[in-house]
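> Okay, sequence plus prediction incoming.
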Amino acid sequence: MNKVALKQQSRTRRHNRIRSRIAGTAARPRLTVYKSNRYLHAQIIDDAAGKTIVSGSTQALAKGTTKMSGAQSLGTDLAKKAKAAGIEEVVFDRGGFRYTGRVAQLAAAAREGGLKF
């Protein structure tokens, strides 16, 4: 198995372990993050209903900025959209990625925007 496939499989295993412990409800939906090499994608999901309530991506948001500042702007934008949808509290799902760098920046910006987790 090549190195890329092994890293992907390991991340999927970590994410499955995380998902076995957390789930989003209508009262407290799940804020999930996916990080590619180029972009960062985030969604707020109600797992009980199986619906995405709010979503966003640095692909559409932050053209021509650094990855870290794009993550920060995505976090604040997601918090604004969540507030408009009536969401105050979420469960954070890091998606099997380490809680550092862009993932931590997005979480900090979402907290500053008013989301509680």
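Yes, it's here.
> Am I right that residue 98 sits in a helix?
No. Assessed with DSSP: H, G, I helix; E, B strand; the rest coil, residue 98 is coil; it does not lie in a helix.
> how near is it to residue 9?
Taking Cβ to Cβ, to the nearest Å as the measure, residue 98 falls 16 Å from residue 9. (Glycine included, C-beta is placed from N, CA and C.)
> need the contact list for residue 95.
Applying Cβ atoms under 8 Å, 6 or more residues apart in numbering to residue 95 gives the contacts 11, 15, 18, 32, 33, 34, 35, 103.
> what's the spacing between the helix or strand that the third one is a member of and its chain's center?
Taking DSSP states H and E as the criterion, residue 18 maps to helix 3-21. Per Cα atoms, centre = their mean, to the nearest Å, the displacement of helix 3-21 from the mean C-alpha position of its chain is 16 Å.
> likewise stretch 100-109?
Offset of stretch 100-109 from its chain centre (Cα atoms, centre = their mean): 9 Å.
> How about stretch 99-108?
Centroid displacement of stretch 99-108 relative to its chain, using Cα atoms, centre = their mean, is 9 Å.
> If anything else comes up later, I'll come back, but that's it for now.
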